[in-house]
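Asker: take a look and give me a structure for this.
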Amino acid sequence: MEEQNNKNLILAMVLSAAVMLVWFIFFPPPEPPAQTATIGQTGTETVATAPAQTTPTQVQTEADPVPAAPRLTIDTPKLAGSLSLRGGRIDDLSLKTYRQELAPGSPIVRLLSPVGEDLSYYSVFGWLPGTGLESADVPDANTAWTADADVTLAPGQPVTLRWENDKGLTFIREVAVDADFMFTVTDTVQNGSSAAVALQPYGIVARHGLPKLQNIFVVHEGAVQRIDGKLTETDYADITELEVDTREGLPAEVLEASSDGWIGFTDHYWMTTLIPEQGKAFKSVLKYVPSAGIYQAEVRQPVVSVAPGATATSSIRFFAGAKEWATIRAYENEGGIPGFVDSIDWGWFYFLTKPIFAVLHWLNAFIGNMGLAIIALTFFLKFLVLPLAYKSYVSMARMKELQPEMEALKERAGEDKQKLQREMMQLYKDKKVNPAAGCLPILIQIPIFFALYKVIFVTIELRHAPFFGWLRDLSAPDPSSLYNFFGLLPWDAPVQGSVLHLIFIGILPILLGITMWLQQKLNPAPTDPVQASIFAWMPWVFMFMLGGFASGLVVYWIANNTITFVQQYLIMWSHGKRPDIFGNIREAKAARVAAKTSPKAPTPPAPAPKKGKK
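Answerer: Next up is the predicted model:
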């Protein structure tokens, strides 16, 4: 039984090491992003491209110089910024509850910025002109709106903007915001002319230049949209390579939605999304303006016809904020936005990451500490696979009972390996023993590990989440280091991601190596020297391999090793085999000493060649 346990554990470690190696190749640590040059010129404002009209028009990306526009303040529990009356743009927004770094005094996260600043990022809303109207007859990105009052945009306190053209049309825009991250832009047109008019409302989110990216495969950064139940993620590089749409005159993708959907841009932790009126058809447009380096996401709602003396209204919601699971889930369930929680990048293992995070979120709300919640989640996951683990150890115990019969089979079979294999398989079948059962609990841990890695790295709830003491961010590697003896020596630890940081590991990776080493000692060391060598080195290899991983993931692994150790100890004891941990340690040490001190057997001389007959 001990030999089988050792083989299973060695197999699991080798598989895990291979998986870790592949993981490092495909998911390397993030590199510092390069600074992207500002798009725009002094004295010239580059704005988002207006949607193409129903008749061909020249695409206009350069607007005449405009003066600084009046602004209305935005102030909510989570947002701070301003709304520009030039175009009624939402183009200045910061997130009050999130800071750029953990350091005291670090500035809050800036999400949106107006044209003229580095990497401008904003939203604009307007109308496409229909029959009898020209582009100058409808409000666009440069329209000078007037506010009914100089008020602050806040929850329960919307602002109202007005603009009139010279053909009898009055446009009214009401902008409201809730206590989280959702704006509602309601556009109304009053037709005071003597002729009916047709208009099409639209909304745009525009980004000038390529934003600073994490450049990690595990995180999607770019456009994200859900059209009639189908989720699509498009990288920025793929947006620039879209085929030129003849209707747009630009690289673009135009999709027709029949009932529901949304479109926008997503970063690691932040997102902007346009949500048209659900239950109605609309167009979703993703395009790139090469001449100005502008990435755009658009929604175009159905054309409205306004009779003389009549009024028409259209509404678009605009999400701009952090990808908080509870908040986005509430917008989906209570705000009627289908599939909105899928805007969080759950990855290939979404069927595991989504329920794992739901449990982790609930545990964190109950316990109040994300690190303890990860440990509690580990207990929960181990409890789920406990029946399988118990069954595997029972199977291995029964294999131990079959050892005398297996030895007899070996004697009867002699050098006939095929006969031995057939008779062993028949013996397993007759005794109802599965020799591979011991590997199943360990193999199950691999997708769980990947899913938890995704959860810890992607979800904002883990960002800057503290544990205890020096562990102030569970989404980052352990900041402690052997280099300065865990902070006791008067110099700084190596920078995270550097070679020295990977060598001079912290406290958590060391605890990981120790727990893995103790788990090994439940069984005697393998008699095979090669297996024994792998067995001895593997905990310390893992210790360094996981030293650069998020500390939350290492906390999970330490907890998993500890629980597995106790679990295996109790199961083995219940079957009459109490592990002799200290005896196994002494035996392993004695075996290593003997291997070093024993003289090597002399190599026998090669046989002399036989002389042939003359």
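Asker: now the most centrally placed residue in the chain: how far from residue 297?
Answerer: Among the residues of the chain, the one closest to the centroid is residue 458, at 2.8 Å (CA atoms, centre = their mean). For residue 458, the distance to residue 297 equals 21 Å [CB to CB, to the nearest Å]. From N, CA and C alone the C-beta is placed, and that goes for glycine too.
Asker: and what of residue 213?
Answerer: Residue 213 is 17 Å from residue 297, by CB to CB.
Asker: more neighbours: these two, which one.
Answerer: Between residue 213 and residue 297, counted using other CB atoms under 10 Å, the more crowded position is residue 297 (26 against 18).
Asker: what average pLDDT does stretch 376-385 get?
Answerer: Stretch 376-385 carries an average pLDDT of 90.
Asker: tabulate the CA atom coordinates of it in CSV.
Answerer: Extracted as CSV, the C-alpha positions of stretch 376-385 are listed here (Å, rounded to 0.1, in the frame of the first residue of the first chain):
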residue,chain,number,x,y,z
ALA,A,376,-13.1,27.9,4.6
LEU,A,377,-13.6,27.4,0.9
THR,A,378,-10.8,24.8,0.9
PHE,A,379,-12.6,22.9,3.7
PHE,A,380,-15.8,23.1,1.7
LEU,A,381,-14.1,21.7,-1.5
LYS,A,382,-12.3,19.0,0.5
PHE,A,383,-15.6,18.0,2.0
LEU,A,384,-17.2,17.6,-1.4
VAL,A,385,-14.5,15.2,-2.6
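Asker: hmm, residue 167 is touching residue 138, no?
Answerer: No. Using CB atoms under 8 Å, residue 167 is not in contact with residue 138; the gap is 10.1 Å.
Asker: of those two, who's got more company?
Answerer: residue 138 (23 against 16).
Asker: could I get the phi/psi values of the more buried one?
Answerer: Note on residue 138: its backbone torsions stand at phi -130, psi 150 [degrees, to the nearest 10].
Asker: now it: closest residue in space that isn't a chain neighbour?
Answerer: residue 127 (4.1 Å; CB to CB, 6 or more residues apart in numbering).
Asker: element containing that neighbour?
Answerer: strand 121-129 (DSSP states H and E).
Asker: and that strand, how far out from the chain middle?
Answerer: Remark: strand 121-129 is offset 30 Å from the chain centroid, using CA atoms, centre = their mean, to the nearest Å.
Asker: only alpha carbons, please: show that strand as PDB.
Answerer: Extracted in PDB, the C-alpha atoms of strand 121-129 (Å, rounded to 0.1, in the frame of the first residue of the first chain):
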ATOM      1  CA  TYR A 121     -12.000  57.700 -22.800                       C
ATOM      2  CA  TYR A 122     -15.600  58.900 -22.800                       C
ATOM      3  CA  SER A 123     -19.100  58.400 -23.800                       C
ATOM      4  CA  VAL A 124     -21.300  60.500 -26.100                       C
ATOM      5  CA  PHE A 125     -25.000  60.300 -27.100                       C
ATOM      6  CA  GLY A 126     -27.000  61.800 -30.000                       C
ATOM      7  CA  TRP A 127     -29.400  61.300 -32.900                       C
ATOM      8  CA  LEU A 128     -28.900  60.300 -36.500                       C
ATOM      9  CA  PRO A 129     -30.900  62.500 -38.800                       C
END
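Asker: in its sheet, what does the helix or strand following that strand sit against?
Answerer: Per DSSP H and E, the first helix or strand lying C-terminal to strand 121-129 is strand 146-147. Applying DSSP bridges, strand 146-147 is found paired with strand 159-164 (antiparallel).
Asker: and the average pLDDT for the strand it pairs with is what?
Answerer: pLDDT averaged over strand 159-164 gives 96.
Asker: now do the helix or strand following it: distance to the chain's middle.
Answerer: Using DSSP H and E, the helix or strand that follows strand 159-164 in sequence is strand 169-177. Strand 169-177 has its average C-alpha position 37 Å from the chain's average C-alpha position, going by CA atoms, centre = their mean.
Asker: only the buried residues of strand 169-177, if you could.
Answerer: 169, 171, 172, 173, 174, 175, 176, 177 (16 or more other CB atoms under 10 Å).
Asker: which one of these is nearest residue 161?
Answerer: Lowest distance from residue 161 to the buried residues of strand 169-177 (CB to CB) belongs to residue 173, with 4.3 Å.
Asker: how close does the residue nearest to the centre of the chain get to residue 266?
Answerer: In terms of CB to CB, residue 458 sits 11 Å off from residue 266.
Asker: could you name every residue contacting both of those two?
Answerer: Taking CB atoms under 8 Å, 6 or more residues apart in numbering as the contact rule, residue 458 and residue 266 both touch residue 345.
Asker: surely residue 95 is within a helix?
Answerer: No. Counting by DSSP: H, G, I helix; E, B strand; the rest coil, residue 95 is not found in a helix; it is strand.
Asker: dump the residue contacts of it.
Answerer: 78, 79, 108, 109, 111, 270, 321, 322.
Asker: how about 7 Å then?
Answerer: Neighbour list for residue 95: 78, 79, 108, 109, 111, 321, 322 [criterion: CB atoms under 7 Å, 6 or more residues apart in numbering].
Asker: just the helices in the stretch 151-300 of the chain please.
Answerer: Remark: helices assigned in the stretch 151-300 of the chain by DSSP state H, counting those that start in this stretch are 236-240.
Asker: wait, residue 235 touches residue 222, no?
Answerer: Yes. Between residue 235 and residue 222 a contact is recorded at 4.4 Å, counting by CB atoms under 7 Å.
Asker: and those two? Which one has more around it.
Answerer: The neighbour comparison of residue 235 against residue 222 (other CB under 10 Å) goes to residue 222, with 18 against 13.
Asker: partners of the more buried one in the sheet?
Answerer: residue 235, residue 266.
Asker: ok, it - contacts?
Answerer: Residue 222 touches 233, 234, 235, 236, 239, 265, counting by CB under 7 Å, 6+ apart.
Asker: separate out the buried members of those residues.
Answerer: 234, 236, 239, 265.
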